[in-house]
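Peer 1: next comes the sequence, and after it the predicted model I'd like to discuss.
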Amino acid sequence: MSESNWGRWGTDDERGALNLLTPEVVRAATACVREGRPLSLSLPIRGATSSPAPTTVPHLRGRPLPQHFMSVDAGDYAAGARPIGAGLRMADDAIVVTPHGTTTHMDALCHMWTGDRLYNGHPAGRVRSYGATRCGIDKAGPVVGRGVLFDVPRLRGVRHLAAEDRVSAEDLAACGVEVRPGDIAVVRTGWPLTWQDSPEAYWAGQPGLSAGAGRWLAGRDVAMVACDNAAIGGLNERQLADEDLDDDLHLIFLWRHGIHLAEMLWLEELAATGRTDFLFVAAPLAIEGGTASPINPLAVL
């Protein structure tokens, strides 16, 4: 396995392993559609200003929750809006979302790095408060490919993994899923189910991939990795990763291999189908220079 994908798609590349999603790979992925049934793999976005979101939606402790303001005929939020015509009524929205740690989202390649270089050697100094002019989420484009599900709790015969569990390369291999270059690897830990017990249970740490599992996936040329936990890798009780720089999952995927990440998926309905391959579809918002974007991933069965 190559230690990195830097230079593989040229010195100017900002899409990383998404370059593996060629027209031929996308066309082949459509063969996974056998029922024509789409499933959403997203958690809901519930604004803390308009619902009991702090108790109903999994999120990392201390992260700013989505803010959702509504207006009806300019009576609430959008002061100064003009009527749109006699007899017509209108409602509008204003939404503020911090994607990381609060909702289903996709990480950009500029989200994590070490030293003074982003993925592919782009200067890290191009990431500023006004946005990243290199490797932002707007450079990713839509993701359409063959999704493959690694249902680790099913493999182990448990409802969900324990907070201290780390998914190994051997676990992934034991799931018996064939992995092809350009696949989107979707890993289920079942951890969002702990939110039904209490936020404290969810915040007690999180299971996730080990560094060995990350290298196993990168070595199989996956285009993207998606998981139902909050950080792909595991978290301790302080909601931090314990790995050093060599083994940090974000550095293995985003920085070294240009593999985009999707986090905080909801995979329970997909797991209940027993399907391990499907058409995966997701499109990040074209947020110029963004480090992430909310997404609503779909599994088309």
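Peer 2: Perfect, I can see it now. Numbering: from 1, shown residues only.

Peer 1: remind me, longest helix of the protein?
Peer 2: helix 211-219 (DSSP state H).

Peer 1: could you point out which element follows that helix?
Peer 2: Once helix 211-219 ends, the next helix or strand along the chain (criterion: DSSP states H and E) is strand 224-227.

Peer 1: which outside residues touch the helix or strand following that following strand?
Peer 2: Sequence order places helix 249-250 as the next helix or strand after strand 224-227, per DSSP H and E. The set of residues that contact helix 249-250 without belonging to it, under C-beta atoms under 8 Å, 6 or more residues apart in numbering, is 107, 111-112, 208-209, 211, 214, 231-233, 241, 243, 261. (Glycine included, C-beta is placed from N, CA and C.)

Peer 1: just among the residues you listed, which is most surrounded?
Peer 2: Of all these, Leu209 has the most neighbours under the rule other C-beta atoms under 10 Å, reaching 31 neighbours.

Peer 1: look up the closest residue to that residue, ignoring the ones flanking it.
Peer 2: Val167 (5.0 Å; C-beta to C-beta, 6 or more residues apart in numbering).

Peer 1: neighbours of the one you found, how many?
Peer 2: Other residues lying near Val167 total 28 when counted by other C-beta under 10 Å.

Peer 1: any idea how far Val300 is from it?
Peer 2: Look at Val167 and Val300: by C-beta to C-beta, to the nearest Å, they are 25 Å apart.

Peer 1: check Ala286 too.
Peer 2: Counting by C-beta to C-beta, the gap between Ala286 and Val300 amounts to 22 Å.

Peer 1: more crowded one of those two?
Peer 2: When neighbours are counted by other C-beta under 10 Å, Ala286 and Val300 differ, and Val300 comes out ahead with 19 against 13.

Peer 1: element containing the nearest residue to the more buried one once chain neighbours are set aside, please.
Peer 2: Spatially, and ignoring its direct neighbours in sequence, Val300 is nearest to Leu279 (4.0 Å; C-beta to C-beta, 6+ apart). Element membership for Leu279 (DSSP H and E) is strand 277-282.

Peer 1: any residues touching whichever helix or strand comes after that strand, and which ones?
Peer 2: Following the chain from strand 277-282 toward its C-terminal end, the next helix or strand by DSSP H and E is strand 292-294. When contacts are defined by C-beta under 8 Å, 6+ apart, strand 292-294 is touched by residues 45, 97, 99-100, 103-108, 111, 137, 284-285, 287.

Peer 1: and the buried ones among those residues, selectable in ChimeraX?
Peer 2: To isolate in ChimeraX the members of these that are buried, counting by 16 or more other C-beta atoms under 10 Å, one can use:
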select :45,97,99,100,103,104,105,106,107,108,111,137,284,285,287
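
Peer 1: so Ala272: helix, strand or coil?
Peer 2: Under the three-state scheme (DSSP: H, G, I helix; E, B strand; the rest coil), the conformation of Ala272 reads as helix.

Peer 1: that one and Leu149, how far apart?
Peer 2: When Ala272 is compared with Leu149 (using C-beta to C-beta), they lie 11 Å apart.

Peer 1: skipping adjacent residues, who's closest to the spatially most central residue of the chain in space?
Peer 2: Most central in the chain under C-alpha atoms, centre = their mean is Ala262, positioned 1.3 Å from the mean C-alpha point. On the basis of C-beta to C-beta, 6+ apart, the spatially nearest residue to Ala262 that is not a chain neighbour turns out to be Ala226, at 3.7 Å.

Peer 1: need the contact list for Ala283.
Peer 2: Gly141, Pro142, Val143, Ile295.

Peer 1: need those residues in CSV (columns: secondary structure).
Peer 2: Written out in CSV, the entries for these read as follows (three-state DSSP):
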residue, secondary structure
Gly141, coil
Pro142, coil
Val143, strand
Ile295, coil
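
Peer 1: now, of those, which are buried?
Peer 2: Neighbour counting by 16+ other C-beta under 10 Å classes Val143, Ile295 among those as buried.

Peer 1: possible to save the contacts of Ala283 as TSV with pLDDT and distance to Pro64?
Peer 2: Output for the contacts of Ala283, formatted as TSV (pLDDT from 0 to 100; distance: C-beta to C-beta, whole Å):
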residue	pLDDT	distance to Pro64
Gly141	97	27
Pro142	98	27
Val143	98	26
Ile295	98	19
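
Peer 1: from the contacts of Ala283, which is closest to Ser2?
Peer 2: Distance to Ser2, by C-beta to C-beta, is smallest for Val143 among the contacts of Ala283, at 22.0 Å.

Peer 1: partners of the closest one in the sheet?
Peer 2: The residues listed as beta-bridge partners of Val143 by DSSP bridges are Ala282.

Peer 1: ok, back up a step: regarding the residue nearest to the centre of the chain, what is its secondary structure?
Peer 2: Ala262 carries the three-state label strand when classified by three-state DSSP.
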